[in-house]
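S.K.: Predicted model and sequence below, questions to follow.
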Amino acid sequence: MIDPMVVELSRWQFAATALYHFLFVPLTLGLSFLLAAMETVYVTTGRTIYRDMAQFWGKLFLINFALGVATGLTMEFQFGTNWSFYSSFVGDIFGAPLAIEGLMAFFMESTFVGLMVFGWARLSKAQHLAVTYLVALASNLSAVWILVANGFMQDPQGALFNPDTMRMELASFGELIFSHDAQSKFVHTSIAGFVTAAVFVCGVSAYYMLRGRHLAIAKRSFRMAALFGVLSSAGVITLGDALGFVGAHAHPSKLVAMEGLWEYEEPPVGFNVIAIPNEEEMQNDYALRIPYLTSLLVTRSLHDPVPSADTLIERADERIRSGIEAVTALKALQDDPDDTEARARFEAHQDDLGYGFLVGFYAQDQDPALATEADIQRAARDAIPNMAIVFWSFRVMVVSGLLMLAFFTLAVIFTLRNDVHRQRAFLRFSLLMIPVPFIACEAGWLVAEVGRQPWTVYEVLPTWMSVSTHSVNHLIFSLAGFVLLYSIFIAIEMYLMVKFIRQGPTEHGHATAVAAK
């Protein structure tokens, strides 16, 4: 028997650690490629100012990278400690990309980071540049495997359930890696990291320009970051739209929560710019709409139907009833693997097995076969995630993305006119922009993960079944410990970042000093 409080505390603990960890990841992904771009200019032109830039931003990259690794380690161990049934049930699939990610992060990535940091005086220019590019490549390849694993949870491809072993088993490694959700999510997340790094570099460079310090490095860093950012922000918005299009077909319940669609509408369907979702009444108390836009974004037409919460709940009700048959047949097979009638019944209903597990949360003794009509209705309602959280998180992400695109457009204009250092109001605004991409990334994570509920693996394994059988006291203690530990990590990151930013870059050579004047 699973205590509902254990489920909630396990979710809160993983959410807390993941949100903390994801503060470090985007900056690592993007800053690594900005470093490579700066060093490329140094190697091709021989101008030492670009080496100074690469070395300075490399210090900040290293601080962020080290703390990102520290927070990521404990998060991965939670799969075995707090989500043991999940690890057992999908370990054959989920374990492969996590193992590869571990090899990438702790062997390839960390090795090249060491060479990049300590190799300036020991490697040739070309060799060091190659190492810097390998750091950037390894960082982003490491993210691939995490997002492949997450993509499987969002849209389980390449795996089959084996009723004899009671586990999911890998059927196609290619389908697992190249699922549309995994690949579109990887590109979207990586480019979001590029945007994060570009805003960060612009903000810190603006700090120097406001104070009249390190102007040569600040202006050049700002220009490179602005050009990098305007392309990346346009890309992240475009690819975000593509990801939404993919998700609309693979994960319609997340879509209806993102768009606030409670009741079915004949196409074309309008877009809710602002809405106040009412979870109890299953309606929006208020909505400001743009006609036709949701149909165009989701279906690319004005005639195709758009899913809604009421139709998905009705569909979930049917699948739960079919899933109960699958669970009943599965139990019969456990008692007698040679029961041909039970195997035939299971095969007829196995696509809905996850829905049979879903209703078990409410059923007497958590046995789906004992589920009442009220239990089925409650479980069917759970098929729609918390609409308010997903709806507003999505809008925070979108508004942040549009704001950053506007910011970078202005940044490019000012820097190409070579008067950005005189735009003091804009430079102050650049400083205020630094938190925006981090907020957008956290909001995107909430859309992805809260939008998947009530599933750990979409339509296969419910969240309530995935947890370990810890006590409530154990989880409260560990949750408090993790929050305290990760808060210390954030404080360390902020202290070190501020310290080295205030210290500023070390500038070498007469040319740099002259350019600064």
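M.R.: Everything's here; your move.

S.K.: Any idea how far the host helix or strand of Tyr495 is from the middle of the chain?
M.R.: Assigned by DSSP states H and E, Tyr495 belongs to helix 472-503. Offset of helix 472-503 from its chain centre (C-alpha atoms, centre = their mean, to the nearest Å): 20 Å.

S.K.: How about stretch 135-155?
M.R.: How far stretch 135-155 lies from its chain's middle: 10 Å, per C-alpha atoms, centre = their mean.

S.K.: if you average pLDDT over it, what comes out?
M.R.: For stretch 135-155, mean pLDDT is 87.

S.K.: Kindly report the same for stretch 233-245.
M.R.: Per-region confidence: stretch 233-245 scores 80 on mean pLDDT.

S.K.: Pull out the buried residues from that stretch.
M.R.: Using 16 or more other C-beta atoms under 10 Å as the test for burial, stretch 233-245 gives 233-237, 239-240, 243-245. For glycine as for every other residue, the C-beta is placed from the backbone atoms N, C-alpha and C.

S.K.: now stretch 467-485
M.R.: Neighbour-count burial for stretch 467-485 flags 467-468, 470, 475, 478-479, 482 (criterion: 16+ other C-beta under 10 Å).

S.K.: Could you do stretch 426-440 as well?
M.R.: For stretch 426-440, the buried set under the neighbour-count rule, 16+ other C-beta under 10 Å, comprises 427, 430, 433-434, 436-438, 440.

S.K.: just curious, which of the residues you listed is nearest to Val498?
M.R.: Ile434 (11.9 Å; C-beta to C-beta).

S.K.: Nearest residue to the closest one in space, please, no chain neighbours.
M.R.: Of all residues beyond its chain neighbours, the one nearest Ile434 is Gly203 (4.0 Å), with distances taken as C-beta to C-beta, 6 or more residues apart in numbering.

S.K.: Run a quick neighbour tally on that neighbour.
M.R.: Residues within reach of Gly203, counting by other C-beta atoms under 10 Å, total 22.

S.K.: which ones are touching it?
M.R.: Residues in contact with Gly203 (C-beta atoms under 8 Å, 6 or more residues apart in numbering) are 430-431, 433-434.

S.K.: of those residues, closest to Trp145?
M.R.: Comparing those against Trp145 with C-beta to C-beta picks out Ile434 as the nearest, at 28.9 Å.

S.K.: From Ala197, how far out is the closest one?
M.R.: Distance of Ile434 to Ala197, given as C-beta to C-beta, to the nearest Å: 11 Å.

S.K.: now the strands for the chain?
M.R.: Counting by DSSP state E, the chain has strands at residues 159-162, 167-170, 271-278, 283-290, 455-457, 461-462.

S.K.: helices and strands around the first one, which ones?
M.R.: Using 3 or more C-beta pairs under 8 Å, 6 or more residues apart in numbering; DSSP states H and E as the contact criterion, the elements in contact with strand 159-162 are helix 84-103, strand 167-170.

S.K.: thinking again about what came up before, and the strands of the chain as CSV, adding mean neighbour count and mean pLDDT?
M.R.: Formatted as CSV, those follow (neighbours: other C-beta atoms under 10 Å; pLDDT from 0 to 100):
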stretch, mean neighbour count, mean pLDDT
strand 159-162, 17, 91
strand 167-170, 18, 90
strand 271-278, 17, 92
strand 283-290, 14, 91
strand 455-457, 23, 94
strand 461-462, 23, 94
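
S.K.: wait, which of the ones you listed is closest to His251?
M.R.: Closest to His251 of these, according to C-beta to C-beta: strand 455-457, at 9.5 Å.

S.K.: so where is this structure shaky, pLDDT-wise?
M.R.: 105-106, 247-248, 507-517 (pLDDT under 70).

S.K.: Quick check, central residue of it?
M.R.: Closest to where the C-alpha atoms of the chain average out (C-alpha atoms, centre = their mean) is Trp445, at 4.3 Å.

S.K.: quick one: that one and Ala16 touch, right?
M.R.: No: if you go by C-beta atoms under 8 Å, Trp445 and Ala16 don't touch, sitting 12.0 Å apart.

S.K.: Please, where are all the helices along the stretch 1-150 of the chain?
M.R.: Using DSSP state H, counting those that start in this stretch, the helices of the stretch 1-150 of the chain run over 4-21, 25-45, 48-81, 84-103, 110-118, 125-154.

S.K.: and His421, which of those is closest to it?
M.R.: helix 48-81 (15.8 Å).

S.K.: That closest one to helix 472-503, inter-axis angle?
M.R.: On the basis of axes from the mean of the first three to the mean of the last three C-alpha atoms, to 10 degrees, helix 48-81 is oriented at 180 degrees to helix 472-503.

S.K.: Adjust the sequence numbering to begin at 33 for everything that follows.
M.R.: Happy to do that; since the first residue is 33 now, the last one works out to helix 80-113.
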